[in-house]
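**Q** one predicted model, sequence on top.
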Amino acid sequence: MPGHLTLNRTDRRGFLKVGAALSGGLVIKLTVPIAFRPPWAAEAGPSFNPNAFIQIDREGVVTLVMPMVEMGQGTYTALPMLLAEELEVGLDQVRLEHAPPNDVQYANPILHFQATGMSSSIRAFWTPLRQAGAVGRTLLIAAAASRWGVDPRTCRAQQGAVLHSASGRHLPYGELVDAAAKLSVPPADTVALKDPKQFTLIGTSAKRLDTPDKVNGRAQFGIDVRVTNMKIAAIAISPVFGGKPKSVNEAAAKAVKGVRQIVRIENAVAVVADHMWAATKGLIAATIQWDDGSHATVNSGDIIRQLEEASKRPGVVARNEGNAKKALAGAAQRIDAIYQIPFLAHAAMEPMNCTAHVRKGDCDLWVGTQVPTRTQSLVAEITGLPKDAVKIHNQLLGGGFGRRLEADGSILAVKIAQQVDGPVKVVWSREEDIQHDMYRPCYYDRLSAGLDASGRPVAWTHRVSGSSIYARYL
């Protein structure tokens with residue numbers, strides 16, 4: 001059965017931006033799909049390039065851009081370790097940036113589009129990020145060797161500097177970036193990578209780079225976003241798929257101090273206010289009545305019965321070996337069992353939210369998403385804007401688990417923002433977040449096994465009925 005994929009801000013921000021623009025530096029452009037910009041890192045300054053790259057400024061600060069997002073799994077530390085290992089720098093020298101949505105430049109090699117999911121971050125970028133670091137190391141060594149007039153093979157990189165053992169000379173990366181930037185960049189696959197026996201970072205225990213800012217409160221998640229003249233919206237979504245609002249007491253909602261606007265869209269109602277408390281109170285006062293539509297009487301029992309019937313019909317064969325039907329018929333003992341797995345919500349710590357500002361010619365979204373390019377494409381389709389006019393400002397994710405592989409929260413926010421003058425942050429309540437999750441599908445599994453006289457298995461069949469988690473993506 002086809003279904004759905006449940007698959008300040010410190011001075012450093014300004015320092016990196018201005019440093020990149022004015023101080024110059026080494027920008028190593030690679031055909032490596034890597035990107036991400038955490039909220040505490042520098043915003044994309046004039047030197048930002050959507051191609052995958054490493055940037056090293058004259059202060060020796062390394063900026064790594066890659067597509068994997070941080071949602072608690074440690075990506076912000078693990079992937080910089082891969083780069084730093086080959087580049088021969090400490091983790092404390094690496095700064096991180098989100099990439100803009102761009103499947104050509106930043107597609108996950110395993111998933112084939114820009115997405116963080118399926119526990120693929122290390123597998124996908126194990127080689128590309130190490131190659132990126134090795135290319136940077138090679139160029140910096142070549143630049144130092146040229147300055148000293150020595151063979152590059154007599155030099156080595158260590159802790160963000162190039163050393164010449166014979167003479168005792170050394171140069172920090174920051175002093176080499178201008179010269180290194182003038183050199184031809186070798187193809188990534190031609191540069192030798194370190195032997196695993198030489199690893200000093202990979203395989204070691206490292207302090208997570210994102211922890212300090214999460215502890216002191218400086219880390220910014222999607223729900224923390226504040227932009228100028230922003231309003232807050234509380235949202236109520238139809239409790240039944242296909243339902244729509246039938247009546248809304250707008251007068252009562254607007255009577256709540258701080259409420260500015262009531263927005264209706266096809267399947268939801270939002271109350272826009274100066275702050276969250278006013279929006280929430282206004283939504284309660286609106287006493288929304290719903291038209292549940294054609295699915296009003298559908299219940300869990302109906303779904304289970306549909307899956308049960310489907311399990312009796314022919315389906316796609318994943319694997320078939322031998323003659324299970326014949327073996328079961330001749331088995332000394334046959335065991336039949338049925339297992340049911342219910343719908344499950346992701347229940348991420350951070351409820352769904354998105355801040356959107358829709359204007360005539362462009363649109364900005366501040367959101368924590370696992371799929372920036374998919375979100376961009378869907379928003380472009382809704383607004384009629386070209387994709388490059390939809391800017392995705394990715395944020396830290398307060399939990400993902402596949403929930404933020406979906407763009408439904410962003411789509412609702414954009415539809416609401418289209419009716420609001422200025423930016424609006426749409427925040428789901430915990431109740432809305434659970435009730436309107438893209439659930440882990442319900443499954444109905446029918447199993448049969450045959451045993452011989454000694455109790456050893458001779459046959460096994462397993463029929464799975466449930467919603468496909470890939471159908472909408474494929």
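**A** Cool, got the structure.
**Q** tell me the SS of the residue nearest the centre of the chain?
**A** Of all residues in the chain, the one closest to the mean position by C-alpha atoms, centre = their mean is residue 370, 2.0 Å from it. Using DSSP: H, G, I helix; E, B strand; the rest coil, the structure places residue 370 in coil.
**Q** can you pull the contacts of it?
**A** Neighbouring residues of residue 370 by C-beta atoms under 8 Å, 6 or more residues apart in numbering: 69, 71, 115-117, 397, 400, 402, 404-405. In this view, the C-beta of every residue, glycine as well, is placed from N, C-alpha and C.
**Q** poorly predicted segments of the stretch 51-200 of the chain, please.
**A** Residues of the stretch 51-200 of the chain meeting the criterion pLDDT under 70: 51, 53.
**Q** what packs against the biggest helix by length in the chain?
**A** The longest helix of the chain (DSSP state H) is helix 121-148. In terms of contacts (3 or more C-beta pairs under 8 Å, 6 or more residues apart in numbering; DSSP states H and E), helix 121-148 is packed against strand 25-29, strand 53-57, strand 62-66, helix 75-87, strand 155-158, strand 161-164, strand 169-172, helix 177-181.
**Q** that one to strand 53-57, inter-axis angle?
**A** 40 degrees (axes from the mean of the first three to the mean of the last three C-alpha atoms, to 10 degrees).
**Q** re earlier: now render the helices and strands packed on helix 121-148 as CSV, adding distance to residue 330 and mean neighbour count.
**A** Converted to CSV, the helices and strands packed on helix 121-148 look like this (distance: least, C-beta to C-beta, whole Å; neighbours: other C-beta atoms under 10 Å):
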stretch, distance to residue 330, mean neighbour count
strand 25-29, 66, 21
strand 53-57, 64, 26
strand 62-66, 57, 27
helix 75-87, 52, 24
strand 155-158, 68, 18
strand 161-164, 74, 21
strand 169-172, 76, 16
helix 177-181, 73, 19
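**Q** among those, single out whichever gets nearest to residue 230.
**A** Counting by C-beta to C-beta, residue 230 lies closest to helix 75-87 out of the helices and strands packed on helix 121-148; the figure is 26.3 Å.
**Q** can you name the next helix or strand after the closest one?
**A** Next in sequence after helix 75-87, counting helices and strands by DSSP states H and E, comes strand 94-98.
**Q** CA atoms only: put that following strand into CSV for me.
**A** Extracted in CSV, the C-alpha atoms of strand 94-98 (Å, rounded to 0.1, in the frame of the first residue of the first chain):
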residue,chain,number,x,y,z
VAL,A,94,36.9,24.7,12.8
ARG,A,95,33.8,26.8,12.3
LEU,A,96,30.7,25.4,10.7
GLU,A,97,28.2,26.8,8.2
HIS,A,98,25.0,25.4,6.7
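**Q** just want the angle from it to strand 62-66.
**A** Strand 94-98 and strand 62-66 are oriented at 30 degrees to each other (the same axes, to 10 degrees).
**Q** ok and strand 94-98 relative to helix 75-87, angle-wise?
**A** Going by the same axes, to 10 degrees, strand 94-98 makes 130 degrees with helix 75-87.
**Q** helix or strand right after strand 94-98?
**A** helix 103-106.
**Q** list the buried ones in that following helix?
**A** Neighbour-count burial for helix 103-106 flags 103, 105-106 (criterion: 16 or more other C-beta atoms under 10 Å).
**Q** next: stretch 318-325.
**A** residue 324.
**Q** pull the residues that contact that stretch.
**A** 459-461.
**Q** can you give me the offset of it from its chain's centre?
**A** Put simply, stretch 318-325 sits 39 Å off its chain's centre (C-alpha atoms, centre = their mean, to the nearest Å).
**Q** and that stretch, end to end?
**A** End-to-end distance for stretch 318-325, by C-alpha to C-alpha, to the nearest Å: 16 Å.
**Q** in what helix or strand does the closest residue to residue 123 other than its chain neighbours lie?
**A** In space, and not counting its chain neighbours, residue 123 is closest to residue 110: 6.2 Å by C-beta to C-beta, 6 or more residues apart in numbering. Here residue 110 sits in a region with no helix or strand, counting by DSSP H and E.
**Q** OK, contacts around residue 110?
**A** With C-beta under 8 Å, 6+ apart, residue 110 has these contacts: 118, 120, 123-124.
**Q** repeat that for 10 Å
**A** Going by C-beta atoms under 10 Å, 6 or more residues apart in numbering, residue 110 touches 117-121, 123-125.
**Q** the contacts of residue 370 in strands, which ones?
**A** Among the contacts of residue 370, DSSP state E puts none in strands.
**Q** turn the residues you listed into a markdown table, columns for distance to residue 301 and neighbour count.
**A** Shown next, in a markdown table, are the contacts of residue 370 (distance: C-beta to C-beta, whole Å; neighbours: other C-beta atoms under 10 Å):
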| residue | distance to residue 301 | neighbour count |
| --- | --- | --- |
| 69 | 39 | 29 |
| 71 | 35 | 25 |
| 115 | 35 | 26 |
| 116 | 36 | 27 |
| 117 | 32 | 21 |
| 397 | 35 | 24 |
| 400 | 31 | 22 |
| 402 | 27 | 18 |
| 404 | 31 | 29 |
| 405 | 29 | 24 |
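**Q** and of the residues you listed, the nearest to residue 176?
**A** Set against residue 176, the nearest of those by C-beta to C-beta is residue 69 (31.8 Å).
**Q** spatially nearest residue to that closest one (excluding sequence neighbours)?
**A** In space, and not counting its chain neighbours, residue 69 is closest to residue 116: 4.7 Å by C-beta to C-beta, 6+ apart.
**Q** count of neighbours near the closest residue to residue 466 other than its chain neighbours?
**A** With C-beta to C-beta, 6+ apart as the criterion, residue 466 has its nearest non-adjacent residue at 3.7 Å, and that residue is residue 443. Neighbour count of residue 443, defined by other C-beta atoms under 10 Å: 17.
**Q** give the bridge partners for residue 443, please.
**A** residue 341, residue 466 (DSSP bridges).
**Q** give the contact list for it.
**A** 1, 307, 311, 339-343, 464-467.
**Q** when you compare pLDDT across those residues, which one is lowest?
**A** Ranked by pLDDT, the contacts of residue 443 bottom out at residue 1 (32).
**Q** wouldn't residue 203 be in contact with residue 82 here?
**A** No: using C-beta atoms under 10 Å, residue 203 is not in contact with residue 82; the gap is 11.2 Å.
**Q** distance of the nearest residue to residue 150 once chain neighbours are set aside relative to residue 175?
**A** By the measure of C-beta to C-beta, 6+ apart, the closest residue to residue 150 outside its immediate chain neighbours is residue 164, 6.0 Å from it. In this view, residue 164 and residue 175 are 14 Å apart by C-beta to C-beta, to the nearest Å.
**Q** overlap in contacts, those two.
**A** With C-beta under 10 Å, 6+ apart, residue 164 and residue 175 have common neighbours 144, 147.
**Q** and for residue 114, the neighbour number?
**A** Quick note: residue 114 (other C-beta under 10 Å) scores 28 neighbours.
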